[in-house]
Structures are given as structure tokens and as C-alpha cells.
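Participant: fold the following and give me the result.
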Amino acid sequence: MTTFFKSTPFVKQVYFFISLAIFVFLSIPSFTLIEGVRIGQLFILITFMLFIVDDILNRELKFDILLYFFISAVVMSLISFNSTEIKFKEINFLVKYFLLFPAAYYVGARVVKKMSLEKFILMIEIVLFVYCLNAFIVEFVPLPQDLIDKIVSYRSGFGGSLYLDYQGTFLEAGWLALCVGGVLSISFLTRFQMNFWPKNMLVLYLLYGFSIITLGLSKNKTVWIALVVILIILVLYKIILLLLYSNRYKPKYLENSHPVLKLLSSIDSFKVILSVLLFIVLFFIINSSLSDPIISEAMILEKLEKERGKAFLIIMDLLKDSYMLGGYGFGFVEAYFTLKPQEILGLGEGSGMVFNSYLDIWLSVSIFGLIFHLGLIYISSDSRYFITLVLPLYCFIFANFNPAIGDEFYYLFLGVSFGIAKELTNRKVYE
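Facilitator: Alright, predicted model coming up:
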């Protein structure tokens with residue numbers, strides 16, 4: 001058994017394919033073994049156990065990660081148990097916080113080390129192609145209806161109607177956009193940071209172009225908000241670093257002190273801001289020319305009156321009733337909106353979280369849950385590298401507009417950011 005876990009080409013190939021299976025099967029939530037247990041989740045747990053055994057044998061166990069999740073899960077479970085409110089499926093949340101979420105994060109944090117950064121990027125780009133191809137096939141290829149029913153998930157609208165967005169095999173278009181944007185960022189920014197590009201760039205250009213088209217067809221607004229916000233923050237970050245590190249008495253200090261600053265110094269801030277403005281103008285021109293616009297007055301009114309706007313007001317009232325402490329317990333959201341129907345799209349039976357992940361965790365397990373998640377963003381970030389600066393920020397922005405913290409992908413991405421930071425540090429990229 002010890003021999004198997006030695007770092008050999010065969011073992012690295014095993015980790016390559018099992019990691020590929022995790023990313024692919026998580027994108028097909030309709031594939032389940034038994035009710036409530038997805039194949040993607042099973043692959044996470046199997047890989048987690050392999051990594052734990054491997055790390056114990058090699059004395060590389062990341063005990064601090066496991067301890068952070070375990071202590072936080074214990075505290076949040078006690079807060080949830082203390083609530084006397086009616087809660088649906090409370091145990092599901094506890095299983096995720098005690099087992100699935102730490103497993104997903106740990107796998108993400110260690111997967112780069114297990115197969116090498118170059119192999120990991122290749123795996124990620126295969127995943128990116130699969131996500132985009134699946135979405136294209138589901139939307140444009142005439143598949144048998146019984147097959148579609150098995151591999152895709154329908155969303156319920158008002159009046160109980162069922163419909164599909166451009167979502168591929170994901171639960172909905174938002175998850176497609178989150179994951180395509182996430183793996184695209186990992187691929188491009190890591191290659192940019194390390195400056196390793198394939199000799200034949202045509203294939204990579206086609207893949208990136210396919211990905212951007214997929215993001216556009218998903219009609220998801222959050223991914224574009226995230227893009228604009230991240231670009232603006234990088235410009236501001238560059239300005240701050242320039243102020244902190246520039247010194248007329250040490251002209252070489254600026255160049256050698258911070259790798260992100262060195263990369264950012266090659267980017268013209270004015271051109272970035274101008275590009276953002278042009279992007280916004282182009283977006284509104286395209287949006288106004290579509291028969292079914294991505295953003296419309298009717299859509300905004302619906303979100304304010306029947307979806308996020310109305311949900312936000314109810315959540316704030318619930319928080320005020322608890323003196324802004326929250327702590328209603330895991331599963332309260334589904335119970336509350338099921339037993340007291342508010343006619344809010346996406347909330348009620350079968351929906352366990354509100355649109356904003358951080359408001360949801362605050363409402364469920366008090367301010368401690370919020371601190372836990374913000375702490376997770378912090379430990380997953382490393383300002384020395386582009387990808388480990390952008391990816392956690394990307395997850396944070398998405399979580400403010402979607403119930404992202406309820407899905408394994410969120411922890412997988414943050415774990416990947418943590419793992420890439422460790423790998424780049426070991427390679428002395430910072431120096």
C-alpha cells in the first residue's frame with residue numbers, strides 16, 4: 001500500500017483521471033447513486049480519503065485545514081441546534097460542513113501537488129472544453145427527450161412551469177457560468193503567471209473563444225459583473241502597490257519587490273479602464289438589439305418585486321428580529337419560505353438557500369458563519385500571484401449574487417487557489 005502512494009508517473013496519472021472525474025461529474029448533478037448522493041460527491045470523498053492516506057504516509061497532512069473546518073462546523077452545528085425554529089433537512093447541511101465541504105477544499109488544495117501544475121492545467125482545460133461542449137450539445141443537438149431528462153435539470157417558474165436556460169448539464173445557467181468562468185480563469189491566469197504557453201496557440205485560442213461564447217449564451221450577469229469588478233480592483237491594486245513600493249532612492253526595489261506588481265506594471269491602467277467602459281457600451285448595444293435581452297426593465301422589476309429585492313427585504317426583517325444576530329439554524333430558509341409562501345422565484349420547497357450566500361449563512365448560523373466564510377476567502381488568497389488574487393475574489397463576488405457556498409465547486413475552487421499558491425511559492429516564483 002505504501003508503494004502505491006509513492007509519487008510515480010502511474011500514481012500521477014491516477015490522480016489526473018480521478019480529478020478529471022470530480023470536475024466532470026460535479027457538473028452533472030442528475031447523476032446520482034442513491035437519493036441525495038451524487039456521483040461527483042462520491043468521487044470527492046474517494047479522492048479525499050486517498051489524499052489523506054497519501055499525506056499521512058508522506059507526513060504532509062494539512063491538519064490546519066481540517067482543524068479549521070472541523071472546529072467551525074462544530075460551532076455552527078451548536079448554533080443551529082440551539083435554534084427552536086422549524087428547519088427542513090438540517091442534517092444535510094451538517095453532513096456537508098463536516099464532510100463534503102472540507103473534503104472538496106482539501107482535494108482542491110492538494111490536487112496540484114499530486115499531479116504537478118502543468119498536468120493540472122491540462123486537466124482543467126479538458127474540463128473547460130467538456131463544460132462548453134456539453135452546453136452546446138444540450139442546446140443545439142436534437143437529443144432524445146428521455147436522455148435530456150436524465151442529464152439536465154429543469155428550473156421551476158411561476159405557476160409550476162418547467163423550463164431550461166442555456167445551462168448544459170448544470171443545475172442552471174448560473175452554475176454553468178460560475179464554473180466556466182472559474183476554470184477559464186485558472187487556465188489563463190496560471191499560464192500568464194508562469195509564462196508557459198503551448199507552441200500551437202490556435203487550440204488554446206479556440207478553447208478560450210468557445211468559453212467566452214458559452215458565458216455569453218448563458219446570459220448570466222454575475223460573471224460579467226465579476227469581470228468588470230476584478231479589472232477595476234486590479235487597477236486600484238496596482239496604484240496602491242506603486243504607492244507602497246515605489247522609492248526614488250531604491251529604483252530597483254519596485255521591480256523586484258512584488259511579482260504581481262511586476263506583471264501589472266506591463267499593463268496600462270488607462271487602457272484597462274477604457275476597455276471596461278467600451279465593454280459596457282458594447283454590452284448595452286448588443287443587449288438592446290436582442291429580442292430577448294440579457295437585461296431588461298421587465299427583468300429588473302421582476303427581480304426587485306418577485307425575486308431578490310423582495311427576498312432581501314424579508315431577510316433584513318428576520319435579521320432585525322434577531323437583533324442582527326441571525327442564528328435561525330440550517331434549513332430554516334427552506335422551512336420559512338415553504339410554510340409562509342411569499343411568491344419569490346427560487347425560494348420555497350426544494351430551495352435551501354437565499355440568493356446571497358453571506359446573508360444566508362448569517363441568517364442561519366449567526367455572524368460566526370459569516371466570519372468562517374470570510375476567513376476561508378482570506379486563507380485561500382495570496383496577493384503575490386495573479387490567480388490566487390483573482391480566483392478567491394471571483395468566488396466572493398459570485399457568492400454575493402448566488403447561493404454559491406452551498407455547492408462543492410465553491411470549496412474546490414478556493415482549495416485550488418490555496419494549492420496553487422503553495423506550489424508557486426515552492427517554485428520560488430515570488431523571488
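Participant: not counting its neighbours along the chain, what's nearest residue 351?
Facilitator: Distances taken as C-beta to C-beta, 6 or more residues apart in numbering place residue 334 nearest to residue 351, at 6.1 Å, with adjacent residues excluded. For the C-beta atoms, the positions are set from N, CA and C on the backbone; glycine is no exception.
Participant: got a pLDDT number for that neighbour?
Facilitator: On the pLDDT scale, residue 334 is placed at 88.
Participant: wait, a helix at it?
Facilitator: Yes - Residue 334 sits within a helix when classified using DSSP: H, G, I helix; E, B strand; the rest coil.
Participant: burial of it, as a residue count?
Facilitator: 22 (other C-beta atoms under 10 Å).
Participant: touching, it and residue 352? I think so.
Facilitator: Yes - judged on C-beta atoms under 8 Å, residue 334 makes contact with residue 352 at a distance of 4.5 Å.
Participant: between those two, what contacts are shared?
Facilitator: Both residue 334 and residue 352 are in contact with 88, 89, where contact means C-beta atoms under 8 Å, 6 or more residues apart in numbering.
Participant: quick one: mean pLDDT over the helix or strand encompassing residue 281.
Facilitator: In the assignment (DSSP states H and E), residue 281 maps to helix 269-289. Averaging pLDDT along helix 269-289 yields 67.
Participant: would you map the strands across the stretch 151-300 of the chain?
Facilitator: In the stretch 151-300 of the chain, the segments counted as strands under DSSP state E, counting those that start in this stretch are 155-156, 162-163.
Participant: worst mean pLDDT among those?
Facilitator: Among these, strand 162-163 scores lowest, with a mean of 55.
Participant: what's the burial count for residue 356?
Facilitator: By other C-beta under 10 Å, neighbour count at residue 356 equals 21.
Participant: show me which helix or strand of the chain is least confident by mean pLDDT.
Facilitator: When each helix and strand of the chain is scored by mean pLDDT, DSSP states H and E, helix 251-257 comes last, with a mean of 48.
Participant: just give me the neighbour total for residue 119.
Facilitator: The burial count for residue 119: 17, using other C-beta under 10 Å.
Participant: I'd say it and residue 11 touch.
Facilitator: No - with contact defined as C-beta under 8 Å, residue 119 does not reach residue 11; the gap is 11.8 Å.
Participant: who touches both of the two?
Facilitator: Overlap between the contact sets of residue 119 and residue 11, as judged by C-beta under 8 Å, 6+ apart, is nil.
Participant: ok now stretch 13-29, how far from the chain's centre?
Facilitator: Counting by C-alpha atoms, centre = their mean, to the nearest Å, stretch 13-29 is centred 16 Å from the centre of its parent chain.
Participant: again but with stretch 316-326, I slipped
Facilitator: That offset, for stretch 316-326, works out to 28 Å (C-alpha atoms, centre = their mean).
Participant: now for that stretch, what's the gap between its first and last residues?
Facilitator: 10 Å (C-alpha to C-alpha, to the nearest Å).
Participant: in stretch 120-129, what counts as buried?
Facilitator: Neighbour-count burial for stretch 120-129, counted by 16 or more other C-beta atoms under 10 Å, picks out 120, 121, 122, 123, 124, 125, 126, 127, 128, 129.
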